[in-house]
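Q: Next come a sequence and a model predicted from it.
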Amino acid sequence: MTPEDPVSEDLVTEDPPPGAELTLDRLGVTVRGRALVRELSLRAGAGEVVGLVGPNGSGKSTALRCVYRALRPTTGAVRVDGTDLLALPPRRSARTVAALTQDPAVDLDFTVEELIALGRAPHRRAHRSRGPAAEQDLLERVMDLLDVRHLAGRGVLGLSGGERQRVLIARALAQEPRVLVLDEPTNHLDIRHQIRLLRLLREQSFLTVLVVLHDLNLAAAVCDRLAVLSEGRLVAQGTPSDVLTPGLLWDVFGVTATVVRHPATGAPQLLHDLGPRS
Ligand SMILES: Nc1ncnc2c1ncn2[C@@H]1O[C@H](COP(=O)(O)OP(=O)(O)OP(=O)(O)O)[C@@H](O)[C@H]1O
C-alpha cells in the first residue's frame with residue numbers, strides 16, 4: 001500500500017445505505033452546575049464531512065458523546081434524519097451511528113479480527129447479517145481499508161498505539177453506520193495512515209462524518225465545513241476558507257498564524273512561527 005493507492009469508494013459494501021442528515025439542535029450539557037456545551041446548533045448533510053475544532057476543554061468531546069449516546073444532553077436534541085436519536089431503540093441507533101472515542105477501553109484480549117467483528121453485533125438479529133461468506137468478505141474489506149489485515153490473528157492488547165487506533169476505526173466501519181463520529185482519529189497514526197484515513201473519509205459519499213481534529217491543516221484538507229467551539233459555544237462555522245482566518249485563530253486559539261493556500265487544492269493551510277530563539 002502507498003499513500004497514492006486508490007481508496008475504495010464503496011468503502012465497505014456494494015449497496016451502502018445513504019448517509020443521514022445529522023442535526024445538533026440547541027444542544028446543551030450542564031454537569032454539576034457548569035455548562036460544558038451551550039446552545040450548540042449544527043447540521044451535517046448526508047455524506048458531508050464536518051469538523052469540530054476548538055481549544056482544549058472547549059466542549060468538543062462532550063458534544064460528540066451526546067451524538068454517540070454516551071451522554072444525555074441537558075437541553076436540546078441530536079436528530080438523525082429528523083428523528084431524536086434517543087427515541088431510537090439502542091440496536092437501531094447502533095446501526096445508525098458508530099463512534100471512535102477519545103480513550104476507547106480495549107482491555108480484553110480479543111484478536112484483531114474478533115474485535116472488528118464486534119462491530120457487526122447490531123446487525124446480527126432480524127436477518128440483517130449477510131451470511132457467513134459475505135460477513136467474512138465485509139470484515140476483510142474493512143481490514144484492508146485500514147491496513148490491518150496482516151494483524152488479523154494478533155491479540156489487541158499487544159498492538160502499537162497506531163495499530164490499535166486503525167483497528168478501532170475498522171470496527172466502527174464494520175458497523176456500517178450512516179453517521180460516523182470520530183474523536184481525534186489521527187491520534188497515534190503515522191503521516192501515511194493519517195492521509196489514507198482522511199482520503200477515505202473525503203472520498204466516500206454515503207457516510208455523514210462528524211470529526212474532532214486538532215490539526216487544523218488536516219481539518220482544512222478533509223472537511224467540507226468546520227464548526228469552531230470556544231468555551232462550549234459555537235463561535236464560527238463555514239467552509240475552511242471562511243473559518244480559518246488569522247483573526248479567528250488569534251481570538252479563539254490565541255495564536256498568530258500565517259494563512260496560505262495549498263498550491264494544488266486551494267485549501268487554507270497555516271504556517272506557524274515559533275518566534276526568535278531566546
Ligand atoms: N464529567 C465531567 N464532569 C465535569 N467536567 C467535565 C466532565 N467532562 C468534561 N468536563 C469538562 O468539560 C470541559 C469540556 O471537556 P471536553 O472533553 O468536552 O473538551 P474538548 O474540547 O474535547 O477538549 P480536548 O481538546 O482537550 O480533548 C473541560 O473543561 C472538562 O474538564
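A: Nice, thanks for sending it over.

Q: for the chain, what spans make up the strands?
A: 22-31, 34-44, 49-53, 75-80, 83-84, 97-100, 179-183, 208-212, 225-230, 233-238, 257-261, 268-272 (DSSP state E).

Q: Just put these in JSON lines and tack on mean pLDDT.
A: What follows is those, written out as JSON lines (pLDDT from 0 to 100):
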{"stretch": "strand 22-31", "mean pLDDT": "97"}
{"stretch": "strand 34-44", "mean pLDDT": "97"}
{"stretch": "strand 49-53", "mean pLDDT": "98"}
{"stretch": "strand 75-80", "mean pLDDT": "97"}
{"stretch": "strand 83-84", "mean pLDDT": "94"}
{"stretch": "strand 97-100", "mean pLDDT": "95"}
{"stretch": "strand 179-183", "mean pLDDT": "97"}
{"stretch": "strand 208-212", "mean pLDDT": "97"}
{"stretch": "strand 225-230", "mean pLDDT": "98"}
{"stretch": "strand 233-238", "mean pLDDT": "98"}
{"stretch": "strand 257-261", "mean pLDDT": "95"}
{"stretch": "strand 268-272", "mean pLDDT": "94"}
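
Q: Make TSV out of those strands and add distance to the ligand and mean neighbour count.
A: All C-beta atoms are positioned from the backbone trio N, CA, C, and that covers glycine. What follows is these, written out as TSV (distance: least, C-beta to the nearest ligand atom, whole Å; neighbours: other C-beta atoms under 10 Å):
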stretch	distance to the ligand	mean neighbour count
strand 22-31	4	19
strand 34-44	4	19
strand 49-53	8	25
strand 75-80	15	18
strand 83-84	22	14
strand 97-100	13	23
strand 179-183	7	24
strand 208-212	7	25
strand 225-230	6	23
strand 233-238	12	17
strand 257-261	18	14
strand 268-272	17	16
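
Q: Any chance of CSV for those, columns distance to residue 165?
A: Converted to CSV, the strands of the chain look like this (distance: least, C-beta to C-beta, whole Å):
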stretch, distance to residue 165
strand 22-31, 23
strand 34-44, 23
strand 49-53, 18
strand 75-80, 25
strand 83-84, 31
strand 97-100, 8
strand 179-183, 10
strand 208-212, 14
strand 225-230, 22
strand 233-238, 27
strand 257-261, 27
strand 268-272, 24
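
Q: if we compare those, which one ends up closest to residue 244?
A: strand 268-272 (4.6 Å; C-beta to C-beta).

Q: Which per-residue confidence value corresponds to residue 126?
A: Per-residue confidence (pLDDT) for residue 126: 48.

Q: Measure how buried residue 120 is and give me the count.
A: Neighbour count for residue 120, taken as other C-beta atoms under 10 Å: 19.

Q: Residue 132 now?
A: By other C-beta under 10 Å, neighbour count at residue 132 equals 8.

Q: separation between it and the ligand?
A: 40 Å (C-beta to the nearest ligand atom, to the nearest Å).

Q: That residue: what's it in contact with?
A: Contacts for residue 132 were tallied using C-beta atoms under 8 Å, 6 or more residues apart in numbering; there are none.

Q: Next: residue 198.
A: Taking C-beta under 8 Å, 6+ apart, one finds 186, 218, 221-222 in contact with residue 198.

Q: and these, which are buried?
A: Buried members of the contacts of residue 198, counted by 16 or more other C-beta atoms under 10 Å: 186, 218, 221-222.

Q: closest to residue 72 among those?
A: Nearest to residue 72 among these: residue 186, at 28.5 Å, using C-beta to C-beta.

Q: Apart from its chain neighbours, what residue comes closest to that closest one?
A: Of all residues beyond its chain neighbours, the one nearest residue 186 is residue 194 (4.5 Å), with distances taken as C-beta to C-beta, 6 or more residues apart in numbering.

Q: go on, residue 143?
A: residue 149 (4.0 Å).

Q: same question, residue 211
A: That would be residue 182: by C-beta to C-beta, 6+ apart, it lies 4.3 Å from residue 211.

Q: My read is that residue 39 contacts residue 24, right?
A: No. Counting by C-beta atoms under 8 Å, residue 24 is not a contact partner of residue 39; they are 10.0 Å apart.
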